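I'll drop the sequence and a predicted model, then ask my questions.
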Amino acid sequence: MADGVVREDEEKEETARGLTWPFARVPEAGEAICVAPGVWWMRLPLPMALNHINLYAVEDGDGWAIVDTGLFTPQSVELWEDLLAGVLKGRPVTRVICTHMHPDHIGMAGWLCERFQAPLLMSRLEYVTARMLVADTGRPAPESGRAFYQRAGWTPEQLDGWARDYGQFGRVVSAMPDAYHRLTEGDVLSIGGDDWEIVVGQGHSPEHVCLWRRPDDVFLGGDQILPKISSNVSVWPTEPLADPLGDWLASLDRLADLLPEDLLVLPSHGEPFRGVQTRLAALKRGHGQALARLERRLETPMRAVDTFASLFARPVGDGLRGMATGEAVAHLNYLERRGRVVREADADGVDWWRQAETLQNSNGE
């Protein structure tokens with residue numbers, strides 16, 4: 001998953017086969033690599049298992065359109081100062097485009113927009129969701145969130161830890177602009193005289209924006225298509241009955257119908273690659289295998305936390321428990337909506353999931 005937990009299939013899956021890697025190395029701190037005419041690849045570190053984010057600068061007249069920004073931390077500020085004065089040649093930022101609302105993508109957006117009086121461009125759902133999550137900083141943890149994780153099987157100690165850490169989102173996001181420019185499916189942005197078409201995906205986040213320069217098939221994919229890991233697809237306490245995995249799989253199908261195989265994908269994590277059809281097929285296959293395996297193992301009733309071993313390739317520790325729980329519930333909700341599993345709450349309000357009777361009967365039980 002893009003946020004640090006690896007699904008079981010991804011340790012075994014032949015993710016690199018069928019893909020080609022045009023660039024021999026990744027950019028060092030303070031460096032930019034030209035990956036397509038007018039498009040420059042940069043990297044910022046992240047203090048987590050997924051230890052970097054790719055950022056892109058697109059030449060825009062006398063300045064730069066920036067795509068994604070990194071976390072708002074003292075280290076990021078220092079590195080951005082170096083990039084602006086160095087490889088970006090002191091030229092102004094003309095606009096800041098954020099593919100989606102996760103902190104590693106929007107964290108420095110407000111800082112850059114304020115510094116250059118540049119507009120922020122995002123889809124509506126991503127902008128509004130980001131503003132909502134930033135506003136949670138400093139608030140006490142809501143009871144609805146505690147109930148969500150209790151239903152998933154968290155211990156009282158784990159619930160107390162979640163409550164103590166609640167509201168972390170806004171601590172690594174600079175003050176967001178009070179206004180933005182909305183991006184929607186099919187919009188065309190002119191950047192440096194080139195047209196970039198907006199392609200919207202779902203599942204990893206509500207309304208994830210990608211940018212496609214059709215004439216030479218350059219695709220700024222954010223977290224929607226990653227080369228070696230699958231993006232985190234999670235249910236969160238704010239929408240406990242959501243079906244983001246259904247949205248994700250539908251997006252994979254739509255992108256497979258839309259994108260040519262020789263597209264140059266510029267992802268937010270990992271390295272630029274070609275072979276998008278191969279990668280989309282592998283992502284879909286991996287989720288299908290995970291769903292089938294989970295469904296089989298639900299012959300025995302389980303809580304969401306009991307399914308981790310069915311879904312992930314390594315133990316889930318404290319730092320990843322929230323995302324792992326969200327991904328597990330996403331798989332369970334997907335199966336429930338399609339009549340494949342059912343849930344029953346016990347006396348303590350914990351959900352236990354099992355195969356639906358129709359499935360058990362089809363298995364000869």
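Sure thing, it's come through.

in this structure, what spans have low per-residue confidence?
Counting by pLDDT under 70, the chain contains low-confidence ranges at 1-17, 358-365.

Okay, helices next: where are they in it?
8-12, 74-85, 103-106, 109-116, 124-135, 143-152, 156-165, 244-258, 276-297, 308-311, 321-337, 357-362 (DSSP state H).

Would you mind telling me which of those is nearest Trp41?
Nearest of those to Trp41, taken as C-beta to C-beta: helix 74-85 at 11.7 Å. For glycine as for every other residue, the C-beta is placed from the backbone atoms N, C-alpha and C.

Show the contacting residues for the residue nearest to Val77 when sequence neighbours are not counted.
Counting by C-beta to C-beta, 6 or more residues apart in numbering, Trp111 is the residue found nearest to Val77 once chain neighbours are left out, at 7.0 Å. Listed by C-beta atoms under 8 Å, 6 or more residues apart in numbering, the contact partners of Trp111 are 69, 72, 77, 80, 174.

what about the first one, neighbour count?
Look at Thr69: counted by other C-beta atoms under 10 Å, it has 28 neighbours.

got it, and the second one?
Look at Phe72: counted by other C-beta under 10 Å, it has 22 neighbours.

May I ask you to confirm that it is in contact with Met108?
Yes - Phe72 is within contact range of Met108, at 5.4 Å (criterion: C-beta atoms under 8 Å).

Are there residues contacting both of these two? Which ones?
The contact sets of Phe72 and Met108 overlap at Ser174 (C-beta under 8 Å, 6+ apart).

and the helices of the chain, which is most packed in?
Using mean count of other C-beta atoms under 10 Å, the stretch among these with the greatest mean number of neighbours is helix 103-106 (a mean of 27).

What residues sit buried inside stretch 92-108?
93-108 (16 or more other C-beta atoms under 10 Å).

Next, the buried residues of stretch 311-321.
311-312, 316, 320-321.

of all these, which comes closest to Trp21?
For the buried residues of stretch 311-321, the nearest to Trp21 is Phe312 (26.2 Å; C-beta to C-beta).

and the nearest residue to Ala304 once chain neighbours are set aside, what does it touch?
For Ala304, ignoring the flanking residues on the chain, the nearest one in space by C-beta to C-beta, 6+ apart is Ala152 at 3.9 Å. Contacts for Ala152 (C-beta under 8 Å, 6+ apart) come out as 303-305, 325, 328-329, 350-351.

any idea which of the residues you listed is closest to Gly86?
Thr325 (41.4 Å).

I'd assumed Gly145 was in contact with that closest one.
No - using C-beta under 8 Å, Thr325 makes no contact with Gly145, being 11.4 Å away.

ok, now how distant is the residue nearest to Ala304 from Tyr166?
Plainly put, Ala152 is 16 Å away from Tyr166 if you go by C-beta to C-beta, to the nearest Å.

Likewise for Ala179?
28 Å.

More neighbours: those two, which one.
Ranked by neighbour count (other C-beta under 10 Å), Ala179 and Tyr166 place Tyr166 first, with 17 against 9.

Number of residues surrounding the closest residue to that one other than its chain neighbours?
Nearest residue to Tyr166, sequence neighbours excluded (C-beta to C-beta, 6+ apart): Ala141, at 3.7 Å. When neighbours are counted by other C-beta under 10 Å, Ala141 registers 17.

and Ala141, what does it touch?
With C-beta under 8 Å, 6+ apart, Ala141 has these contacts: 162-163, 166-167.

Closest to Cys34 out of the buried residues of stretch 311-321?
Distances from Cys34 to the buried residues of stretch 311-321, taken by C-beta to C-beta, are shortest for Leu320, at 35.2 Å.

Show me which residues of stretch 338-348 are buried.
Buried-residue list, stretch 338-348, by 16+ other C-beta under 10 Å: 340-343.

CA atoms of it as PDB?
Provided in PDB are the C-alpha atoms of stretch 338-348 (Å, rounded to 0.1, in the frame of the first residue of the first chain):
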ATOM      1  CA  ARG A 338     -21.900  -8.000  -2.800                       C
ATOM      2  CA  GLY A 339     -23.600 -10.500  -0.500                       C
ATOM      3  CA  ARG A 340     -20.400 -12.500   0.100                       C
ATOM      4  CA  VAL A 341     -19.900 -11.900   3.800                       C
ATOM      5  CA  VAL A 342     -22.100 -10.800   6.800                       C
ATOM      6  CA  ARG A 343     -21.200  -9.100  10.000                       C
ATOM      7  CA  GLU A 344     -22.700  -9.700  13.500                       C
ATOM      8  CA  ALA A 345     -22.000  -7.500  16.500                       C
ATOM      9  CA  ASP A 346     -21.300  -9.200  19.800                       C
ATOM     10  CA  ALA A 347     -22.300  -8.000  23.300                       C
ATOM     11  CA  ASP A 348     -19.300  -5.600  23.400                       C
END
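
need the buried residues of stretch 338-348 in JSON lines with distance to Ile198, can you?
Putting the buried residues of stretch 338-348 into JSON lines (distance: C-beta to C-beta, whole Å) gives the following:
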{"residue": "Arg340", "distance to Ile198": "35"}
{"residue": "Val341", "distance to Ile198": "36"}
{"residue": "Val342", "distance to Ile198": "39"}
{"residue": "Arg343", "distance to Ile198": "37"}
